[in-house]
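Peer 1: Show me the folded form of this:
(chains A and B)
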Protein chains: 2
Amino acid sequence: MWKAVVTAAVAFVLLFCRSSTLDNGLARTPPMGWLAWERFRCNVDCVDDPYNCISEQLFMQMADRLAEDGWKELGYNYINIDDCWMSMDRDDQGNLYANKTRFPNGIKKLADYVHSKGLKLGIYLDFGTHTCGGYPGSIKYLQKDAETIAGWGIDMLKMDGCYANVSDMSWGYPDMEMYMNKTGRPILFSCSWPAYAGGIKVDLVDYSVLAKHCNAWRNYDDIQDSWDSVTHIIDWFGDNQDVLAPAAGPGHWNDPDMLIVGDYSLSYEESKAQVAMWAILAAPLFMSNDLRSISPEARSILMNKEVIRISQDSLGMQGRRVIKVYDKIEVWLREIEYASYGVAFLNRRTDGMPYNYTLTLQDLNFTYMKGYHLDDLFSGQPLGHFELNRNLTVSMAPNGVVLIYAYPSE
Amino acid sequence: MWKAVVTAAVAFVLLFCRSSTLDNGLARTPPMGWLAWERFRCNVDCVDDPYNCISEQLFMQMADRLAEDGWKELGYNYINIDDCWMSMDRDDQGNLYANKTRFPNGIKKLADYVHSKGLKLGIYLDFGTHTCGGYPGSIKYLQKDAETIAGWGIDMLKMDGCYANVSDMSWGYPDMEMYMNKTGRPILFSCSWPAYAGGIKVDLVDYSVLAKHCNAWRNYDDIQDSWDSVTHIIDWFGDNQDVLAPAAGPGHWNDPDMLIVGDYSLSYEESKAQVAMWAILAAPLFMSNDLRSISPEARSILMNKEVIRISQDSLGMQGRRVIKVYDKIEVWLREIEYASYGVAFLNRRTDGMPYNYTLTLQDLNFTYMKGYHLDDLFSGQPLGHFELNRNLTVSMAPNGVVLIYAYPSE
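Peer 2: Take a look at the predicted model:
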């Protein structure tokens, strides 16, 4: 009897919450995994480039790597399809289906394979009339497409916003969330809505509404394989942090886009900087790289357990840029559990030598009177105990970062 | 008797040439070596940073590395001091001398050490009233300073142009060349003259005059530790190639500044791109990095014998950008001996995937009817024989290069 009452009460609470926040229970920490787009784009040429084309084989191979090379255990458990997986037309019943040449066994079989590896499968749709790559869009098929992907066993949806009116997104993304919820299958929902609505324009983007309907959302430009792109994104998130940071939290995250570590353009120092900053930003950690041939250096950065611990902190508070010196030295701070902090010192200088920057924990408004213990998470070295007024000197490489974990001393 | 006549004739010819070209016989191919500036800057803090400060110890350690790690045998035989080596004042006789704390044994002893390793020593002066770092300038002491550095056994001089009037450079740099020649010691002369004169302004820079007085000259901005800086320099050299390329040749070279491979900002692909482009540009190859801790990847790029062979080709013709597609794909061509070519395919795209670019040798205006053999110099792979009209498809990584050696087929 009591059990039934409790169950009914829980159901009522869930129903009540329905109207105020996304109720799929997913993404309590920033989701992690792998996403095809940045590295493999819309490569549909399986004749001349079978190893790299968008095909079930590519996703199965990446799933193997996630499952067998230690990624899964660290939390990288989503493997996500992006654009260009579909047939160019819907079937006679209006259903989406995968390109039969490149996905001869269909998405459901691929999902089964991914699940058999202990991973989750993400897929891509577009809210508009067409995907960015010109494949069928979902605007007239939201319920049908929600049911289709749920039927396939999809675990995450990235819904893009090409070929759509921004004004339609305010009903379209919530409708899609509703239809996915109706299927009964928990599907992590990544919305491209704010990126198409200008990211930060108050009349077009209400982040409190977003958080009710999406588990994550792309706010800004697509990342490209360049340090220039990474720093533009970091700058944008810093410049707009007063709007963005309060919007993030367990279940709903700002998404500065994929990790490009392991690709062609980032140096070792720049690679550490991207991962550190994404951890401070409480960003989803979706690698877009070739896990079949990734270098040991890139792997070691992406697999740093202590950095991932900052990323996945249970408080879910997005970090902020708290110091910016002449556009060259930045200090970013993320509050994490147990009155601790992640602190990223980011060096934008390119003048040859590592740069020494000195401050005290008081300068960062740390308040615990007994001081803090500091660990350098990339060197793996403890830096020792720091009273609030003790000078801390950090040596940052050009285009480099030092990421510190600070926790209250006993 | 005949010997005396010949000797007199040779002397007469040399005297005659004196007025039309630099007669020190140096730099018949682009000079190679190591230069302190980009990586170690004006770090004079030997108390807190003894391992990296500008000191005789730093140069002796780098000389050891050049001599013992295989660099010297490949042609990297200059080890060059840049700014911040001097005492802040001249001595009572007006002579320059090194900072006594950081160079306790003086420059002559350092030159002896460098020579004992089979290397050459370069040094830095400034034509103006002060060096860029504020140390004594040479404008009133050209003859004295020429005699001083010759007396020390210096083999190369980089003469900077801070704190000077550009209008004075047209007599100053030639005067310095004359005074160095008078010492009887061959000293490779690198002039910063055109960089201070706007690089390409016809009223301020006459490259035919430059070639008479300088073995190399900095034309453009200082390089910084970033891919952005590297590409700005490449663009400038391409945009101004009609003026710059004819100015280069055996004994006198345009200098796009140091190689930053092995430093903090370039990825593996970007590192190959800088070295390839510097080879195509017939540029001096002065590394500015830490040879004590350089990565195996960076070392392998800088030590690529086939790439160095392009750089050091005896014809001394500077390459040119011959194809530029939408600012993203560039083809650069350097004519080398035996009717052969170095061809650099440079990819400025950052969109994730390697990019395939197809052309024929006809498109490059190659004319040898039997066709050419092509070798990929970084992969080390022969690409085979290509008739003039056979399609060649090159796959370039983002921010990457493919460097090909093309030689006439038998």
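Peer 1: Spit out the contact partners of the residue nearest to A:Arg390 when sequence neighbours are not counted.
Peer 2: In this structure, A:Arg390 finds its nearest non-sequential neighbour in A:Thr360, 6.3 Å apart by CB to CB, 6 or more residues apart in numbering or on different chains. Where C-beta positions appear, they are placed from N, C-alpha and C, glycine not excepted. Residues in contact with A:Thr360, defined by CB atoms under 8 Å, 6 or more residues apart in numbering or on different chains, are A:386, A:388-392.
Peer 1: of all those, which comes closest to B:Pro398?
Peer 2: The nearest member of these to B:Pro398, counting by CB to CB, is A:Leu392 at 37.2 Å.
Peer 1: For that closest one, give the beta-bridge partners.
Peer 2: A:Leu359 (DSSP bridges).
Peer 1: what's the pLDDT at it?
Peer 2: In the prediction, the pLDDT value recorded for A:Leu392 is 98.
Peer 1: who touches the residue nearest the centre of chain A in this structure?
Peer 2: By CA atoms, centre = their mean, chain A has its centre lying nearest to A:Pro284, at 1.9 Å. Going by CB under 8 Å, 6+ apart, A:Pro284 touches A:27, A:30-32, A:190, A:216, A:253, A:255.
Peer 1: and the gap between it and chain B?
Peer 2: According to CB to the nearest CB, to the nearest Å, A:Pro284 stands 18 Å off from chain B.
Peer 1: so what pLDDT did that residue get?
Peer 2: On the pLDDT scale, A:Pro284 gets 98.
Peer 1: Of the contacts of A:Pro284, which is the nearest to chain B?
Peer 2: Relative to chain B, the closest of those is A:Asp255; by CB to the nearest CB it sits at 17.7 Å.
Peer 1: so who does the closest one touch?
Peer 2: Applying CB under 8 Å, 6+ apart, the residues contacting A:Asp255 are A:190, A:216-219, A:283-284.
Peer 1: now, which of those residues lie within strands?
Peer 2: Of the contacts of A:Asp255, the ones assigned to strands by DSSP state E are A:190, A:216-218.
Peer 1: Okay, now stretch A:211-224: how far is its last residue from its first?
Peer 2: 26 Å (CA to CA, to the nearest Å).
Peer 1: Strands of the stretch 251-400 of chain A, residue ranges please.
Peer 2: Per DSSP state E, counting those that start in this stretch, the stretch 251-400 of chain A carries strands over the ranges A:253-255, A:285-287, A:320-325, A:329-336, A:340-347, A:355-359, A:372-376, A:381-386, A:392-396.
Peer 1: Format those strands as JSON lines; extra columns: distance to A:Lys272.
Peer 2: Below are the strands of the stretch 251-400 of chain A laid out as JSON lines (distance: least, CB to CB, whole Å):
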{"stretch": "strand A:253-255", "distance to A:Lys272": "20"}
{"stretch": "strand A:285-287", "distance to A:Lys272": "14"}
{"stretch": "strand A:320-325", "distance to A:Lys272": "18"}
{"stretch": "strand A:329-336", "distance to A:Lys272": "14"}
{"stretch": "strand A:340-347", "distance to A:Lys272": "10"}
{"stretch": "strand A:355-359", "distance to A:Lys272": "15"}
{"stretch": "strand A:372-376", "distance to A:Lys272": "11"}
{"stretch": "strand A:381-386", "distance to A:Lys272": "14"}
{"stretch": "strand A:392-396", "distance to A:Lys272": "10"}
